[in-house]
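1. using only what follows, build the 3D model:
(4 chains)
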2 protein chains.
Amino acid sequence: MRSPILNIQPSNCHNCRMSALCLPLALDSSSLDRLDKVIERGRPIHKNKYIFHGGDPFRAVYAIRSGAVKSFCISDDGSEQVTGFYLPGEIFGWDGIDNNTHSNTATTLETTALCEIPFARFEEISRTMPILQKHFMRLMAKELTSDQELIGLLAKSSAEERVASLLLSLSSRLKRQHLSATQFRLPMSRADIGNYLGLTVETVSRVFSRFQSFDLILCDKKEIEIINLNGLSALAHKPKV
Amino acid sequence: MRSPILNIQPSNCHNCRMSALCLPLALDSSSLDRLDKVIERGRPIHKNKYIFHGGDPFRAVYAIRSGAVKSFCISDDGSEQVTGFYLPGEIFGWDGIDNNTHSNTATTLETTALCEIPFARFEEISRTMPILQKHFMRLMAKELTSDQELIGLLAKSSAEERVASLLLSLSSRLKRQHLSATQFRLPMSRADIGNYLGLTVETVSRVFSRFQSFDLILCDKKEIEIINLNGLSALAHKPKV
DNA sequence: GAGCCAGCATGATTTAGATCAATTCTGTGT
DNA sequence: ACACAGAATTGATCTAAATCATGCTGGCTC
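-> The predicted structure is shown next:
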């Protein structure tokens, strides 16, 4: 019995569906080749495995080919704070550039295939490919922007707005990879959502129920269908004040 | 009458007290010279002036020589969300790298002198000075880390913990520039603090009062003296759970 | 100096979400 | 196929912070 996973694994960046997201568009074929040689394509990793731990030396950043990842940091008191969820085509691991040490821990939320981009090699080849360096700074800046959106969400919004925003964020990110924007499976638990959004599990669960009773979504455990996307947006961008 | 401000203005990066913070240490003298030529040193800007607006084209990042800056973004509903406070020696404006457009607005909180680092020129010279590029990625990663700290704060902490954390953050950043870590003047209003920490003005005010009654700080309007730094730390890193 | 406004403090009341508690569901491993 | 620990839902109560309200202060203009 052959593994079905092998079929979806690209052998290189040229034929990877995700390359539009993780690589600069203007990269010519020979540059792509050089880059291709640097990137290490790992075999799929099981659910709930560690990719790196907080405190680990920074070696690489990672692009997701399939699956999903959460990153979190441990605060002084030992409690977790989820800092991000990452979907296919997205890159994570930047937190290690400062100090050459990861401040976050990253784990798989489901079976996940990664491309590893070793940072030492990356620096060396980006010297001859300035566009790549700029692209990576862009990606870091994107991460900054998304963190700031989360800050805005946490600082000001109600539980309903937070959950609605998360659903919409997932939806638009899935759409970008040409997957359904209205029907998907949440890769993370309610507890992870709550932690990420600064809410308790109970509150998250109640909000999901309320959204269902308002006919905004259908949800069966982790399967989500967005029925009224406009209604959800209206809720996310509070008409308040 | 000569302006006293002129005295503290460095004419170049060599004699700037801040350079240890905003430039890589390993930069040799000739590299520093080249960089020096690119940087534009502005004259002091008054309080409550805009440095850039959200939506402005991205031209430069800025290092603070003296004064203080806040950055904030405007959400869909028109409300402000303060995303950061910046003190001397710190660099802000990264948010523009993505899309070549600033997502934040930056304003001065008091009279402020800036060094402007035009990004186009920066890219050109960093090609011959790889260490500089790495340093700037480091700085961005630092910003990412500090955003994530704020996220942790907003997601989980009580009003007292949030305010204590902000005071400690300001304290340690002032210390880094060899200023007093225990006596300083808050450059921002209670409203800004509240907005930044996701609290109302009233709550911020009450927490300040409570901290005074606990003999953790002395405070008269914006003048702060930290009396019991350990106590404040204990409060910031909640012993909870 | 009178009057005005913004910033800050403080008291009374309300409320959203946390906490506590109990039950059902489900996926996972033997 | 079974058993069991963790995940999710739902309900009852409690609480921290928001909201509403009022007064104080200090800087500003006229």
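2. in contact with residue A:150, which residues are there?
-> A:196, B:151 (Cβ atoms under 8 Å, 6 or more residues apart in numbering or on different chains). From N, CA and C alone the C-beta is placed, and that goes for glycine too.
3. residue A:19 - nearest residue in space that isn't next to it in sequence?
-> residue A:13 (5.2 Å; Cβ to Cβ, 6 or more residues apart in numbering or on different chains).
4. check residue A:171 too.
-> Nearest to residue A:171 is residue A:181, by Cβ to Cβ, 6+ apart, at 4.6 Å.
5. just checking, the one you found touches residue A:226?
-> Yes - shown here, residue A:181 and residue A:226 form a contact pair, counting by Cβ atoms under 8 Å, at 7.5 Å.
6. okay, and the common contacts of those two?
-> What both residue A:181 and residue A:226 touch, as defined by Cβ under 8 Å, 6+ apart, is the set residue A:171.
7. neighbour-wise, which of those two wins?
-> residue A:226 (23 against 16; other Cβ atoms under 10 Å in any protein chain shown).
8. for the more buried one, which residues count as its bridge partners?
-> In this entry, residue A:226 is beta-bridged to residue A:217, by DSSP bridges.
9. residue A:70 now?
-> On the basis of DSSP bridges, residue A:70 is bridged to residue A:85, residue A:107.
10. I figured it hits residue A:110, correct?
-> No - taking contacts as Cβ under 8 Å, residue A:70 lies outside contact range of residue A:110: 10.4 Å.
11. next helix or strand past the one helix or strand residue A:51 maps to?
-> In this assignment (DSSP states H and E), residue A:51 forms part of strand A:50-52. The C-terminal neighbour of strand A:50-52 among helices and strands, as given by DSSP H and E, is strand A:60-66.
12. picking up where we left off before, so residue A:70 and residue A:110 - more neighbours on which side?
-> Neighbour totals were compared for residue A:70 and residue A:110, and residue A:70 leads with 23 against 16 (other Cβ under 10 Å).
13. what's the pLDDT at the more buried one?
-> Residue A:70 carries a pLDDT value of 94.
14. scan chain A for its longest helix.
-> helix A:130-156 (DSSP state H).
15. going by neighbour count, list what's buried in stretch A:39-48.
-> A:39, A:41, A:44-45 (16 or more other Cβ atoms under 10 Å in any protein chain shown).
16. read off the pLDDT value for the residue nearest to residue A:58 when sequence neighbours are not counted.
-> With Cβ to Cβ, 6+ apart as the criterion, residue A:58 has its nearest non-adjacent residue at 2.9 Å, and that residue is residue A:96. Model confidence at residue A:96, given as pLDDT, is 88.
17. also residue A:152?
-> 89.
18. wait, isn't it in contact with residue B:81?
-> Yes - using Cβ under 8 Å, residue A:152 is in contact with residue B:81, at 4.1 Å.
19. show me the common contact partners of those two, please.
-> Common neighbours of residue A:152 and residue B:81, counting by Cβ under 8 Å, 6+ apart, are B:73, B:75.
20. tell me how far the most centrally placed residue in chain A lies from DNA strand D.
-> Nearest to the mean C-alpha position of chain A, counting by Cα atoms, centre = their mean, stands residue A:86 at 1.2 Å. Between residue A:86 and DNA strand D the computed distance is 18 Å (Cβ to the nearest atom of the strand, to the nearest Å).
21. what of residue A:167?
-> Distance, residue A:167 to DNA strand D, by Cβ to the nearest atom of the strand: 13 Å.
22. and the helix or strand where that residue lies, average pLDDT?
-> Per DSSP H and E: residue A:167 is located in helix A:159-176. Averaging pLDDT along helix A:159-176 yields 93.
23. can you pull the buried residues of it?
-> A:159-171, A:173-174.
24. pull the residues that contact the next helix or strand after that helix.
-> Moving toward the C-terminus from helix A:159-176, the next helix or strand (DSSP H and E) is strand A:183-185. Identification of contacts with strand A:183-185 by Cβ under 8 Å, 6+ apart yields A:170-171, A:174, A:222-226.
25. and which of the residues you listed is nearest to DNA strand D?
-> Relative to DNA strand D, the closest of the contacts of strand A:183-185 is residue A:222; by Cβ to the nearest atom of the strand it sits at 6.0 Å.
26. quick one: is stretch A:81-96 near DNA strand C?
-> No - Stretch A:81-96 lies apart from DNA strand C when judged by Cβ under 7 Å from any atom of the strand; the minimum separation is 13.5 Å.
27. for chain A, what lies in contact range of DNA strand D?
-> Counting by Cβ under 7 Å from any atom of the strand, chain A sits next to DNA strand D at A:189-191, A:201-202, A:204-206, A:208-209, A:219, A:221-222.
28. most neighbours out of the residues you listed, which is it?
-> Counting neighbours by other Cβ under 10 Å, residue A:204 leads these with 23 neighbours.
29. my guess is it meets residue A:160, correct?
-> No - if you go by Cβ under 8 Å, residue A:204 and residue A:160 don't touch, sitting 10.6 Å apart.
30. related to what we said a few turns ago, hmm, the residue nearest to residue A:58 is touching residue A:102, no?
-> Yes - using Cβ under 8 Å, residue A:96 is in contact with residue A:102, at 4.2 Å.
31. and these two? which has more neighbours close in?
-> More crowded of residue A:96 and residue A:102, by other Cβ under 10 Å: residue A:102, with 24 against 21.
32. re earlier: list residues touching both of residue A:96 and residue A:102?
-> In contact with both residue A:96 and residue A:102: A:52, A:56-58, using Cβ under 8 Å, 6+ apart.
33. just the buried residues from these, in PyMOL please.
-> A single PyMOL command is used to select the members of those judged buried by 16+ other Cβ under 10 Å:
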select buried, chain A and resi 52+56+58
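34. pLDDT added to the shared contacts of residue A:96 and residue A:102, as CSV?
-> Putting these into CSV (pLDDT from 0 to 100) gives the following:
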residue, pLDDT
A:52, 93
A:56, 93
A:57, 95
A:58, 94
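35. how about residue A:232, secondary structure?
-> Using DSSP: H, G, I helix; E, B strand; the rest coil, the structure places residue A:232 in helix.
36. OK, contacts around it?
-> A:164, A:167-168, A:211, A:216-217, A:226.
37. can you put those in JSON lines and add distance to residue A:130?
-> Output for the contacts of residue A:232, formatted as JSON lines (distance: Cβ to Cβ, whole Å):
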{"residue": "A:164", "distance to residue A:130": "40"}
{"residue": "A:167", "distance to residue A:130": "38"}
{"residue": "A:168", "distance to residue A:130": "35"}
{"residue": "A:211", "distance to residue A:130": "46"}
{"residue": "A:216", "distance to residue A:130": "46"}
{"residue": "A:217", "distance to residue A:130": "45"}
{"residue": "A:226", "distance to residue A:130": "41"}
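38. mind picking the two most distant members of these?
-> With Cβ to Cβ as the measure, no two of those lie farther apart than A:168 and A:211, at 11.9 Å.
39. tell me the strands beside the strand holding residue A:51, with direction?
-> Partners of strand A:50-52 in the sheet, by DSSP bridges, are strand A:105-108 (antiparallel).
40. what helices or strands is whatever helix or strand comes next after the strand it pairs with leaning on?
-> Sequence order places strand A:113-118 as the next helix or strand after strand A:105-108, per DSSP H and E. Where contact means 3 or more Cβ pairs under 8 Å, 6 or more residues apart in numbering or on different chains; DSSP states H and E, strand A:113-118 is packed against strand A:40-41, strand A:60-66.
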